[in-house]
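Asker: structure for this input, please:
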Amino acid sequence: MDNIYGYLSINIYSLIIVLIMLIVFFSKKRLHQVEDKTYAFFLISNVLSIIAGIVLGIFVNPRLGIDENIVKIVNKAYLFILIIWGSLLSYYTIYISYVKDKNCYKGYLKLALLILLLVESIVLFLPIDINISSDYANATGPSLYFAYSYTAVLLLVDIIFIIHDYNNILSKKYYPIYVLIVLVIAVISIQMIFPQLNYLLNPCTVLITFIMYFTIENPDVKMIEQLNLAKVQAEKANNAKTEFLSSMSHEIRTPLNAIVGFSECIANADNLESAKSDAKDIVMASQNLLEIVNGILDISKIEANKMEIIETNYELEPILKNISKLMIPRIGEKPIELRNNFAIDIPAVLNGDSGKIKQIITNILTNAVKYTEKGQINFNVNCINEKDTCSLIISVEDTGRGIKEEKISSLFNKFERLEEDKNTTIEGTGLGLAITKKLIEMMGGKIIVQSKYGVGSKFTVYLKQKIVSMEKPKTEETEKIEQNIDFNGNNILVVDDNKMNLKVATRILKEYNINVCESESGLECIERIKANEKYDLILMDDMMPRMSGVETLKELKQLQNFNIPVIALTANALEGMREKYIKEGFNDYLSKPFDKIELEDILKKYLNKKQNVSNVKEKELPTLKEEIEYDLSNKKVLLVDDNKLNTKVAELMLRKYNLQIESVESGFECLEKIKTNNYDLIFMDYMMPEMDGIETFHKLKEIQNFNTPVVALTADAIEGARERFLKEGFDDYISKPIDKALLEQVVLKFLNKN
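Answerer: Reported below is the predicted structural model:
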């Protein structure tokens, strides 16, 4: 009997400890993660098992004379609760060591519940025997042995999953599991040898629960860990923001530098050919800048769930050919062959979002061109046509740099460019492929990347589109390039509150011999129409003060006999804007900066075109030859910049000083030049591959007797950049786009000393 009283005493003490832990745990603020919820059930099941143990200890007291069948039922209930406790612990172990995707835990939970239900049914069904003596009582029989066997299996499963997570095998989250394994093996062994010591199991479970609370499931500790994690994530986000701003500054200012620099060169051009060459570079830089801005807008729309799929009927083959042609200027002088292979069974007309498809293909092809220095790019489009569905298979395979296998998974991350230290010559924000993947997924498709580092990469896109028509036109019209289209006699009113935009539109429209009138507000436009001024077409901005373009159009529509076509000409170029403005009543839509081909299509559609005039004499640009203001022909300058366009801008802006200018494209070339040449001034870019400007500068300082002034000339222009470069030891700092006055100040400061 003393043994029974001892059993009851130990269980009562255990119950008091667990109840205290239960009260403390639920009184504290918790994170409500899967581990916390599991531990909460853990505590509750522990309390129930101890209560069942106490009831069992009372019922086996011979003095009470309780029926043996009732004792068996209570004993099975005790086993039932212990099995739940053990299953919870095992599930906890599997979750923390294996279920990395926290969204999948419900599937594992359902499986665990199914197994638990099966085991409990077997335990309840199998018989159990109760042996009661004057000293102790113990249970035997198939039900108990099955419970022990199930516990052994759980321990084995726990060990397997712990080994599976061997990288964290010494983590404190496994301490309770290790203790449990040792204690359960010890308790079962002891109880098999000494049945009278059957009171050890409940204290064992309490000890495990106690250790778990003070190692991995203490709410206070977990809250602190969560705060520390939030702090680390906030610091990472802040660093990412800083890096992104720095990258954006560089990426945006690089094309801006070319635009500003070449624009000044055109203003001072001494011949037409030079001006035309500079204008082409401005167009190229403007397109690069537009791509950067569009990329940022697209990723913002995607994250805000504002991106929409707009399905229309379209012809795919002309789009593919046009994209291919657009890649030729991007390839430039690189020894790359672009090979096109479009399947002959591509349906003539498909239904889908042609704009998104064009963007996807353009992004992938542009990426291939950027990272391929020589060889070929294979652009293949195949399809599988089934009933009314066309499964497009679009692949772009290049002989470029390739991607390391471990880096492929991060290829589609926002703002991330692989091996950025080697790719600073390549313009981009790291948004193109992230946007591409999102668009493909929005359209129900998928993208697969295959790559071998140093050999090349292959991007394959799978998309499904609806088939509208399989029939192709019998004869393909040859492409006609109409030059010097004459719309003489047509009058256009351009309405825009921005004088610069008015000037741009007027300048371009006059190339078509159009009479252009300007209005700086919606009210002025309405007054002109009320005054019976005759126009064949109105180009209307939307975002204007006092009266927007949409409001102006509504007022115009209320005027008697108003029937002039009105085109929305606006910088509001987000997805779906064309449809929005047409719905508002506009006849058509042009986005700024407008594409010349789209403008010509609008003009042809709404204006009466005269006979084409060929061989029209080009208007000569004014020749404003810039005279040399400072003759520094005895001074030698070295430009260090990996971007040829930036080098060209700097050379043109330095031309007025009659300097001896040399240029190199890397820090290594700069160091080699210094070994054999003497320079009076060095302009150093910062973001260069392999060795950046700061590293190059410090290498220069290590050269004996080196005392040439070095000026940082960089697009890294965020706040504090000047101070950072001066702190590194640079003699001065100029940001891109280059300020002409500041450049002159620096040149005269270091070179005009004699």
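Asker: so where's the stretch 251-400 of the chain shaky on pLDDT?
Answerer: Counting by pLDDT under 70, the stretch 251-400 of the chain shows low-confidence ranges at 251, 254, 288, 291-292, 294-306.
Asker: and the strands in it?
Answerer: 312-314, 336-342, 349-352, 375-386, 389-398 (DSSP state E, counting those that start in this stretch).
Asker: and of the ones you listed, who's closest to Tyr148?
Answerer: With distances scored as Cβ to Cβ, the stretch of these nearest to Tyr148 is strand 389-398 (57.0 Å). From N, CA and C alone the C-beta is placed, and that goes for glycine too.
Asker: mind giving me the packing neighbours of the helix or strand that that closest one is followed by?
Answerer: Following strand 389-398 in sequence order, the next helix or strand is helix 432-442 (DSSP states H and E). When contacts are defined as 3 or more Cβ pairs under 8 Å, 6 or more residues apart in numbering; DSSP states H and E, helix 432-442 sits against helix 272-303, helix 354-370, strand 446-452.
Asker: and helix 432-442, average pLDDT?
Answerer: The average of the pLDDT scores along helix 432-442 is 84.
Asker: work out the gap between it and the centre of the chain.
Answerer: Its chain's average C-alpha position is 9 Å from that of helix 432-442, according to Cα atoms, centre = their mean, to the nearest Å.
Asker: hmm, back to that, got TSV for the strands of the stretch 251-400 of the chain, with distance to Gly141 and mean neighbour count too?
Answerer: Listed next are the strands of the stretch 251-400 of the chain as TSV, based on distance: least, Cβ to Cβ, whole Å; neighbours: other Cβ atoms under 10 Å:
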stretch	distance to Gly141	mean neighbour count
strand 312-314	75	14
strand 336-342	75	15
strand 349-352	69	20
strand 375-386	63	17
strand 389-398	63	20
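Asker: to Val206, which of the ones you listed lies closest?
Answerer: Nearest of the strands of the stretch 251-400 of the chain (Cβ to Cβ): strand 389-398, 61.4 Å.
Asker: sorry, back to before: and among the helices and strands packed on helix 432-442, the most buried is which?
Answerer: Compared across the helices and strands packed on helix 432-442, helix 354-370 shows the largest average neighbour count, a mean of 21 (mean count of other Cβ atoms under 10 Å).
Asker: got the contact list for that one?
Answerer: Helix 354-370 is touched from outside by 298, 309-310, 312, 314, 316, 319-320, 323-324, 326-327, 330-331, 334, 336, 377, 379, 394, 396, 398, 400, 426-428, 432-433, 435-436, 439-440, 442-443, 457, 459, 461, 463, with contacts defined as Cβ atoms under 8 Å, 6 or more residues apart in numbering.
Asker: related to what we said a few turns ago, figure out which of the helices and strands packed on helix 432-442 is closest to Thr140.
Answerer: strand 446-452 (59.4 Å).
Asker: that closest one vs helix 432-442, what angle?
Answerer: Angle of strand 446-452 versus helix 432-442, following axes from the mean of the first three to the mean of the last three Cα atoms, to 10 degrees, is 140 degrees.
Asker: so what's Tyr733 up against?
Answerer: Counted by Cβ under 8 Å, 6+ apart, Tyr733 has contacts Val711, Ala712, Thr714, Ala721, Arg722, Phe725, Leu726.
Asker: in the sheet, which residues pair with it? Tell me.
Answerer: Ala712 (DSSP bridges).
Asker: now distance to Phe42 too, for the strands of the stretch 251-400 of the chain, in CSV please.
Answerer: Converted to CSV, those look like this (distance: least, Cβ to Cβ, whole Å):
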stretch, distance to Phe42
strand 312-314, 58
strand 336-342, 62
strand 349-352, 53
strand 375-386, 54
strand 389-398, 51
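Asker: which among the ones you listed is found nearest to Pro593?
Answerer: strand 312-314 (23.6 Å).
Asker: partners of that closest one in the sheet?
Answerer: Here, using DSSP bridges, strand 312-314 pairs with strand 349-352 (antiparallel).
Asker: so how far is the partner strand off the chain centroid?
Answerer: 29 Å.
Asker: just to revisit the earlier point, okay, the helices and strands packed on helix 432-442 in a markdown table with distance to Lys387 next?
Answerer: Listed next are the helices and strands packed on helix 432-442 as a markdown table, based on distance: least, Cβ to Cβ, whole Å:
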| stretch | distance to Lys387 |
| --- | --- |
| helix 272-303 | 32 |
| helix 354-370 | 21 |
| strand 446-452 | 21 |
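Asker: ok, which of those comes nearest Asn488?
Answerer: That would be helix 272-303 among the helices and strands packed on helix 432-442, by Cβ to Cβ, at 24.2 Å.
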